[in-house]
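Chemist: I would like to see how this sequence folds:
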Amino acid sequence: MSDASQAADEIRERIRGMPLDAIDPSDATLFEDDTIHHYFERLRAEDPVHRSHSPLYGDFWSVTRYQDIMAVDSNHAAFSSDINLGGISIIERPVQYRAHSFIAADPPVHDEQRKAVSPIVAPGNLANLEPLIRQRTCTVLDGLPRDETFDWVDRVSIELTTLMLATLFDFPLEERRLLPWWSDVMTAVPGVDGMFATEEARFVEVMKMVEYFTRLWNERVNAPPRPDLISMLAHNPATRNMPPQQLMGNLSLLIVGGNDTTRNSMSGGLLALHQNPEQFAKLRADPRLVESLVPEIIRWQTPLAHMRRTATMDTEIGGKPIRRGDKVVMWYLSGNRDERAIENADRFIVDRARPRQHLSFGFGIHRCVGNRLAELQLRILWEEILRRFPTIEVVGEPVRTRHCLVRGITQLLVRIPA
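Modeler: Numbers count the residues shown, from 1 in each chain. Presented below is the predicted three-dimensional model:
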């Protein structure tokens with residue numbers, strides 16, 4: 001038995017000895033040390049709709065099985081995303097610091113505002129973007145050092161996602177690194193993840209983002225419509241007169257959505273292939289497997305570990321009574337490892353028969369609007385990696401985010417042999 005397997009067995013044994021009511025899946029340290037899967041494994045087996053308590057977030061229901069998550073996610077009438085009821089994250093901001101966006105809204109507001117930005121990820125526009133994405137991917141990969149340790153997250157994952165975001169927003173390329181910073185600011189948990197001590201300090205940075213984008217907004221609203229996200233919002237009747245909190249919310253949603261899924265999947269995919277060398281060998285032997293590799297990476301990484309809803313009526317999930325006003329957290333990360341729904345769910349398999357059977361993009365009306373763009377970026381990245389590099393060596397342990405929403409990797413040291 002390997003040291004890693006022995007350590008995992010010891011963790012499972014310790015968790016099996018814990019009282020169920022002591023398990024708090026929102027504990028960010030469990031994501032930082034990547035032991036959260038063992039806790040979810042026990043909850044799926046023994047208490048799949050689990051009444052949890054957090055000293056930070058209070059009482060909530062943890063929904064951990066695939067089918068139960070789908071039932072909640074597809075029932076927006078009984079389980080609301082409305083920011084005024086708490087929104088989409090277990091992390092509740094004070095009222096004055098909340099960002100109002102269409103993902104944190106119910107129909108009809110959600111539908112009208114989502115429709116305003118959908119054209120940028122329509123199939124025709126993705127086809128137009130593909131040559132630019134490939135050109136930039138080739139440039140970034142060709143610029144990587146050989147026989148030298150470097151951080152894949154910074155040199156590849158962040159660089160490629162910021163170039164894409166800057167294109168979607170028509171944002172000044174020379175200042176593109178502001179975008180991942182603002183993404184991290186918008187999801188930061190003061191006093192937990194090490195970014196800010198207080199909400200007030202975080203909000204100072206949020207207002208810098210609002211000021212910057214307000215200037216771009218004013219430029220676009222007074223100019224003819226253009227095919228970028230800011231111009232689309234500025235010229236659509238459903239979004240052009242948004243109040244400041246809603247403008248801030250929708251812009252931050254698009255930044256976080258365009259940043260976190262792709263950035264962390266680009267890093268998580270390389271790590272997964274490093275940890276499963278037989279799968280990497282299979283991929284190198286048949287590069288056509290990139291088509292199934294990409295959704296498998298997104299399932300395996302699950303860049304957003306959960307989404308939250310608020311019950312609007314008395315109901316039940318998995319036989320448990322849910323009361324109106326209860327906070328319900330769908331743990332996508334757990335659902336994506338549910339062996340009842342996904343065969344060999346705890347294995348990373350590049351030629352999985354049904355690779356898109358995952359919850360990482362959500363389900364129902366709130367399914368990620370940019371999912372096909374994320375898949376396109378990852379497909380191009382791996383096609384170009386396989387053309388260039390016989391191997392990429394991961395030479396250090398990954399540094400993970402201390403966060404129960406964003407399942408991220410902040411550093412991944414690698415080396416490409418000459």
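Chemist: ok, and what's touching the helix or strand hosting Asp59?
Modeler: Using DSSP states H and E, Asp59 sits within strand 58-63. Residues outside strand 58-63 that contact it (C-beta atoms under 8 Å, 6 or more residues apart in numbering) are 25-26, 43, 48-54, 69, 72, 90, 308, 317-318, 320, 322, 326-331. In this view, the C-beta of every residue, glycine as well, is placed from N, C-alpha and C.
Chemist: From the residues you listed, list just the buried residues.
Modeler: Buried residues within the contacts of strand 58-63, defined by neighbour count using 16 or more other C-beta atoms under 10 Å: 25-26, 43, 48-50, 52, 69, 72, 90, 308, 317-318, 320, 322, 326-331.
Chemist: Name the SS class of Ala71, please.
Modeler: Recorded secondary structure, Ala71: helix (DSSP: H, G, I helix; E, B strand; the rest coil).
Chemist: On the pLDDT front, check the closest residue to it other than its chain neighbours for me.
Modeler: Among residues not flanking Ala71 along the chain, Ile317 sits closest, at 6.7 Å (C-beta to C-beta, 6 or more residues apart in numbering). Per-residue confidence (pLDDT) for Ile317: 97.
Chemist: Arg308 and Lys327 touch, don't they?
Modeler: Yes - the criterion here is C-beta atoms under 8 Å, and Arg308 meets it with Lys327 at 6.3 Å.
Chemist: can you list residues touching both of the two?
Modeler: Phe60, Gly86, Ile90.
Chemist: what's the nearest residue to the second one if we skip its chain neighbours?
Modeler: The shortest distance from Gly86 to any non-neighbouring residue, by C-beta to C-beta, 6+ apart, is to Thr310 (4.9 Å).
Chemist: Can you get me a residue count around the nearest residue to Ile158 once chain neighbours are set aside?
Modeler: Once flanking residues are discounted, Ile158 sits nearest to Pro180: 5.4 Å by C-beta to C-beta, 6+ apart. Using other C-beta atoms under 10 Å, Pro180 has 22 neighbouring residues.
Chemist: what's near enough to touch Pro180?
Modeler: By C-beta under 8 Å, 6+ apart, the neighbours of Pro180 are Ile158, Thr161, Thr162, Asn259, Arg263.
Chemist: Which parts of the stretch 1-150 of the chain are strands?
Modeler: 49-54, 58-63, 79-80, 150-151 (DSSP state E, counting those that start in this stretch).
Chemist: Serialize the ones you listed to TSV and add fields for distance to Pro277 and mean pLDDT.
Modeler: Rendered in TSV, the data for the strands of the stretch 1-150 of the chain read as follows (distance: least, C-beta to C-beta, whole Å; pLDDT from 0 to 100):
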stretch	distance to Pro277	mean pLDDT
strand 49-54	35	95
strand 58-63	34	97
strand 79-80	41	96
strand 150-151	21	98
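Chemist: now those in CSV, with distance to Ala238?
Modeler: Formatted as CSV, the strands of the stretch 1-150 of the chain follow (distance: least, C-beta to C-beta, whole Å):
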stretch, distance to Ala238
strand 49-54, 36
strand 58-63, 31
strand 79-80, 20
strand 150-151, 41
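Chemist: which residues in the stretch 51-200 of the chain form helices?
Modeler: For the stretch 51-200 of the chain, helices defined by DSSP state H, counting those that start in this stretch occupy the ranges 66-73, 109-117, 123-142, 152, 159-169, 178-187, 199-221.
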